[in-house]
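> Here is the input, now give the coordinates:
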Amino acid sequence: MHTGGEPLRIIESGFPEAEGRTLLEKRAWLRQRADHYRKFLMFEPRGHCDMYGALLTTPDLPGVDVGVIFMHNEGYSTMCGHGVIALGRYIVDRKLVTPVSPETEVVIQCPCGPVKARVEYNFNQSGRVSFESVPSYVFALDVTLPVPGVGDVTVDVSYGGAFYVFVPASRLNLDLNVTAIATLADAAQAVTGKSSKTHLNLLHPHSQDLAFVYGTILTDDYTQSVDGPATNLCVFANKQVDRSPCGSGCSARVALEYRRGIISLGQKLYFRSAVTGSVFATIAVREVEVKQAGPQDSDVVGVVTEVSGNAYYSGQSTFCVEQDDPLTPGFLPR
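Here you go, the predicted model:
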């Protein structure tokens, strides 16, 4: 499937059953014991540098319909908004839950926590998907990073199921509407590299296994009101470029703009992808207190967001291995 152009390869069979009591333990088991399966499906010649995957598994929380482990070119992510949108429709279409018209609720356990999706459903036809994510909040404002070729750049760090560094492209002397995507991706990756080397001391209220900078999102100027859809370019993992506006990144950006007083609760925002022009709608639904979430405050005010978008089917595949194929493990050209 794809959501806003961003692929999601949903694994239906052939993967080993991940071992562990919790979803994070299962993710760790896959990373340590079966990572060659991820590379087999994400890497070339069966995938590509920007392929994204999802493995459904048994959840370990009450009231949850399915668990999911997300994967990409570097490893395993904590949250994936475009993936939740696609999986919401997939789960309803495959009747992994009982469809209800006009809207079917699906609760998906992601590594960051349970996410509640609502799937439009009418006469065996599923449609638009909206989901309420885990609490989103700002971790740090106005952090200075020394970016090669640019100098000191001021960025913000915000969480939307994953930690992102946010920086307007103009601070890197770039233009989201003009600069080549490859150049933007190089710049974003440089910012991520510098942020991971600084002393951010990232904390997560539930598990330090989730406390790492997932990627950098280049934006228009989010410190000002923007007419029409605002623009995101998310670069994560090993310089992987998100074709969608990035669902978890949209949640993190809403939290950032709410913290800065730019938006209010209930205000609908639209974020477009700098790659495909696809758009997600996002709302800050309500405030929530997040415990031990920041370097300056033991408690911070976050928001629960709602993100909406459409996912579409793009094909069905079966992959195989020939015993004498020297490229069975897969490869990445970068």
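> Can you identify the element that follows the longest helix along the chain toward the C-terminus?
Among all segments of the chain classified by DSSP state H, the helix with the greatest residue count is helix 181-197. As assigned by DSSP states H and E, the chain's next helix or strand after helix 181-197 is strand 213-219.
> now the angle from that next one to helix 181-197?
130 degrees (axes from the mean of the first three to the mean of the last three CA atoms, to 10 degrees).
> Direction included, what does strand 213-219 pair against?
Neighbouring strands of strand 213-219 in its sheet, by DSSP bridges, are strand 163-168 (parallel), strand 230-236 (antiparallel).
> what's in contact with it?
77-78, 155, 157, 162-169, 172, 174, 176, 184, 187-189, 191-192, 195-196, 200, 202, 230-237, 240, 246, 249, 252-253, 274 (CB atoms under 8 Å, 6 or more residues apart in numbering). Just so you know, the C-beta spots here come from the backbone N, C-alpha and C atoms, and that holds for glycine as well.
> Ok, stretch 253-270 next?
So stretch 253-270 is in contact with 136-138, 141, 156, 158-160, 166, 217, 219, 222-225, 228-230, 232, 250, 271, 279-287, 301-303, 305, going by CB under 8 Å, 6+ apart.
> nearest spatial neighbour of Y76, skipping sequence neighbours?
What sits nearest to Y76 in space, not counting adjacent residues and going by CB to CB, 6 or more residues apart in numbering, is R27, at 5.2 Å.
> is it true that the one you found touches C112?
No: counting by CB atoms under 8 Å, R27 stays clear of C112, with 11.1 Å between them.
> Please report how far Y312 lies from F319.
21 Å (CB to CB, to the nearest Å).
> An error on my part: the question was meant for D152.
Remark: distance between D152 and F319 (CB to CB) = 46 Å.
> rewinding a little: shouldn't the residue nearest to Y76 be within a strand?
No: going by DSSP: H, G, I helix; E, B strand; the rest coil, the assignment for R27 is helix, not a strand.
> give the contact list for it.
Taking CB under 8 Å, 6+ apart as the contact definition, R27 lies against A18, G20, I69, Y76, P111.
> closest to N124 among those?
Closest to N124 out of the contacts of R27 is I69 (29.0 Å), distances taken as CB to CB.
> mind listing the strands for the stretch 201-334 of the chain?
Along the stretch 201-334 of the chain, counting by DSSP state E, counting those that start in this stretch, strands occupy 213-219, 230-236, 240-241, 268-273, 279-291, 299-309, 311-312.
> Good, we can wrap up now.
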